[in-house]
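> how would this look folded up:
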Amino acid sequence: MAKVIPLLIGGEWRESRSRELIEITDPATQEVLALAPKATAEEIEEAVASAKQAFQDWREVPVPERARLMLRYQQLLKDHHDELAELLASDTGKTFADAKGDVWRGIEVVEHAANVASLMMGETVENVAREIDTASWVQPLGVCVGITPFNFPAMIPLWMFPLAIACGNTFVLKPSEQDPLTPNRLAELFLEAGAPKGVLQVIHGGREQVDALLTHPDVRAISFVGSVPVGQHIYRTGTSHLKRVQAFAGAKNHMVVLPDAHKDQVLSNLVGASCGAAGQRCMAISVAVFVGEARQWIPELAKQMVELRPGPWQDGHAAYGPLISQQARQRVLRLIAEGKAEGAECLLDGSHCQVPGYPNGNWLGPTLFRGVTAKMGLYREEIFGPVLICMEVDSLEEAIALVNANPYGNGTSLFTRSGGAARHFQHAVEVGQVGINVPIPVPLPFFSFTGWKGSFYGDLHAYGKQAVRFYTETKTVTSRWFDDTPVTGPNMTIHLK
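Predicted structure coming up:
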């Protein structure tokens, strides 16, 4: 029988008392790699109680000490970069190079967390009234929760718990039940870096465990990345229980191509941005909008995409790996079939992809559609597979209108050589993250990840300054120190004198 992975509670790895187990499978072979327990209600209570108790001491730890913990942690992550990438690749099916990128983008956020002292600075004004000064102090919230998805099992947990903990909070991580091996290893290294007991807890399970965390009275804030239906549930449930919530949900990212763009760069970037990681990125380009004469490049795009070959992570020549599960593959196959039935022209069909030696893998070949309309399911739904749909318009204004009418607003990009067109596009488009000749404009962590519209539920975004504000509260202190000046009588107004 495969090994049951442990929970992290109170600084100790422990075997769960639960007998409900979730199989963690290799998406290239269906081999069971390990089993994840569905934590019991008592274990969740113990984890939150441990985090709450640890918060009383951790909040008093000087900010430079918290920053130094993050410096030690980022060095350990760098030292174990290849090891983490191998584990992540076997867990998710990502190619080794893609897995290393996943880990590295998380390391960048940990490095940013090491700058927490400057990020938590308050403000002061002397003499707001005669001999009265006002200062604001930034203080941590308490117990925070992170619920993370399968597609970035290193990067997204590292978006959350290092910065929250650097701000003085404690944290309960509930990683995806589909690939929790990497998050467990991240937590092991965090303890090795010197994290005090109870500062980080790791709980495994599914919806029941998530709901227990969402409704727990001692949880102050919740961070989530995942699908639209789950994101809406997280946001509604968490906020109805009076908690802060940031919920990053689905996307339908457009890449607009003008005829003056560099053709070879356009085609190369489209192939990578649509099929990289088997299309399982919330920032993947799934819609290419060709403006005017640029539509003539679509046949060349098909020729480049057909050369892509999926394979297992150990294959250094594989362009991307399998989808995460058989259910995910069946969903994408359904959308491809519906697209054909609705009249879209399938220029390249990867439905019957096979990889020699891996007959049970969740393979899907690169797939390309043309003649797609905004009413088709291929356009309306997030596909989350190596599927790119092409749409054709006559002007940049039509392209902007198409992007703005879409209910999602995670990312978009424009490829052009015109500075004027780029300036107009980035100003007029109603999307949170915009790339100019950059297909996947995920910002580095000193900025924030800023999805809009149906791609995000909440007010403050992930990492960067917005995340510090999300994980902290501001206390404003107005003070006066009396000397021996005689009292002239009571001030009966709220006017400071």
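> How about the contacts made by residue 257?
For residue 257, the contacting residues are 266, 270, 288-291, 294, 297, 415, taking C-beta atoms under 8 Å, 6 or more residues apart in numbering as the criterion. Heads up, the C-betas are built off the backbone N, CA and C, glycines and all.
> Roughly how far does it sit from residue 416?
8 Å (C-beta to C-beta, to the nearest Å).
> picking that back up, looking at the contacts of residue 257, spot the one nearest residue 389.
When these are ranked by distance to residue 389 (C-beta to C-beta), residue 288 comes first, at 7.3 Å.
> what's the burial count for that closest one?
30 (other C-beta atoms under 10 Å).
> when you give positions from now on, start the count at 34
Sure thing, new numbering starts at 34, so read that last one as residue 321.
> Quick check: it vs residue 364, distance?
As defined by C-beta to C-beta, residue 321 lies at a distance of 22 Å from residue 364.
> For the helix or strand containing residue 323, enumerate the helices and strands it packs against.
Using DSSP states H and E, residue 323 falls within strand 318-324. Using 3 or more C-beta pairs under 8 Å, 6 or more residues apart in numbering; DSSP states H and E as the contact criterion, the elements in contact with strand 318-324 are strand 286-290, helix 296-308, strand 420-426, helix 429-438.
> Measure how that strand sits relative to strand 286-290, angle-wise.
Using axes from the mean of the first three to the mean of the last three C-alpha atoms, to 10 degrees, the interaxial angle of strand 318-324 with respect to strand 286-290 works out to 30 degrees.
> can you list contacts of strand 318-324?
For strand 318-324, the external contacting residues (C-beta under 8 Å, 6+ apart) are 284-292, 303, 306-307, 312, 330-331, 334, 412, 415-416, 420-429, 431-432, 435-436, 446, 472-473.
> what lines up beside that strand in the sheet?
strand 286-290 (parallel), strand 420-426 (parallel) (DSSP bridges).
> export those to TSV and tack on distance to residue 460 and mean pLDDT?
Conversion of the strands paired with strand 318-324 to TSV gives the following (distance: least, C-beta to C-beta, whole Å; pLDDT from 0 to 100):
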stretch	distance to residue 460	mean pLDDT
strand 286-290	14	98
strand 420-426	19	98
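> nearest to residue 342, of these?
Checking those against residue 342 by C-beta to C-beta gives strand 420-426 as the closest, at 16.3 Å.
> Which residues does the closest one contact?
Applying C-beta under 8 Å, 6+ apart, the external contacts of strand 420-426 come out as 303, 307-308, 312, 318-325, 328, 331, 334, 338, 365, 368-369, 372, 377, 383, 397, 399-407, 411-412, 432, 435.
> if we can go back for a sec, find out how far the helix or strand immediately after the strand holding residue 323 in the chain is from the centre of the chain, if you would.
Scanning the chain past strand 318-324 towards its C-terminal end, the next helix or strand to appear is helix 331-338 (assignment: DSSP H and E). Using C-alpha atoms, centre = their mean, to the nearest Å, we find the averaged C-alpha position of helix 331-338 to lie 30 Å away from the chain's own average C-alpha position.
> Also stretch 472-485?
Averaging C-alpha coordinates over stretch 472-485 and over its chain gives two centres that are 10 Å apart (C-alpha atoms, centre = their mean).
> Stretch 154-165 now?
What separates the centre of stretch 154-165 from the centre of its chain is 39 Å, taken as C-alpha atoms, centre = their mean.
> Next: stretch 296-311.
Its chain's average C-alpha position is 21 Å from that of stretch 296-311, according to C-alpha atoms, centre = their mean.
> Contacts for that stretch next, please.
Outside of stretch 296-311, the residues that reach it under the criterion C-beta under 8 Å, 6+ apart are 126-127, 131, 184, 288, 290, 317-319, 321, 327, 330, 333-334, 337-338, 341, 343, 352-356, 397, 399, 418-421, 448, 470, 472-473.
> Going by neighbour count, which of those residues are buried?
Neighbour counting over the contacts of stretch 296-311 (16 or more other C-beta atoms under 10 Å) leaves 126-127, 131, 184, 288, 290, 317-319, 321, 327, 330, 334, 338, 341, 343, 352-356, 397, 399, 418-421, 448, 472-473 as the buried ones.
> What segments of the stretch 134-283 of the chain are strands?
Counting by DSSP state E, counting those that start in this stretch, residue ranges of the strands within the stretch 134-283 of the chain are 157-162, 165-173, 176-180, 203-207, 233-235, 252-258, 277-281.
> Format those as TSV; extra columns: mean pLDDT.
Formatted as TSV, these follow (pLDDT from 0 to 100):
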stretch	mean pLDDT
strand 157-162	94
strand 165-173	96
strand 176-180	98
strand 203-207	98
strand 233-235	98
strand 252-258	98
strand 277-281	98
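> Just send these back as TSV, with distance to residue 104 and mean neighbour count too.
Conversion of the strands of the stretch 134-283 of the chain to TSV gives the following (distance: least, C-beta to C-beta, whole Å; neighbours: other C-beta atoms under 10 Å):
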stretch	distance to residue 104	mean neighbour count
strand 157-162	28	11
strand 165-173	19	16
strand 176-180	21	27
strand 203-207	18	28
strand 233-235	17	27
strand 252-258	23	26
strand 277-281	26	24
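> Tell me which of these lies nearest to residue 34.
Each of the strands of the stretch 134-283 of the chain was scored for nearness to residue 34 using C-beta to C-beta, and the closest is strand 233-235 (21.8 Å).
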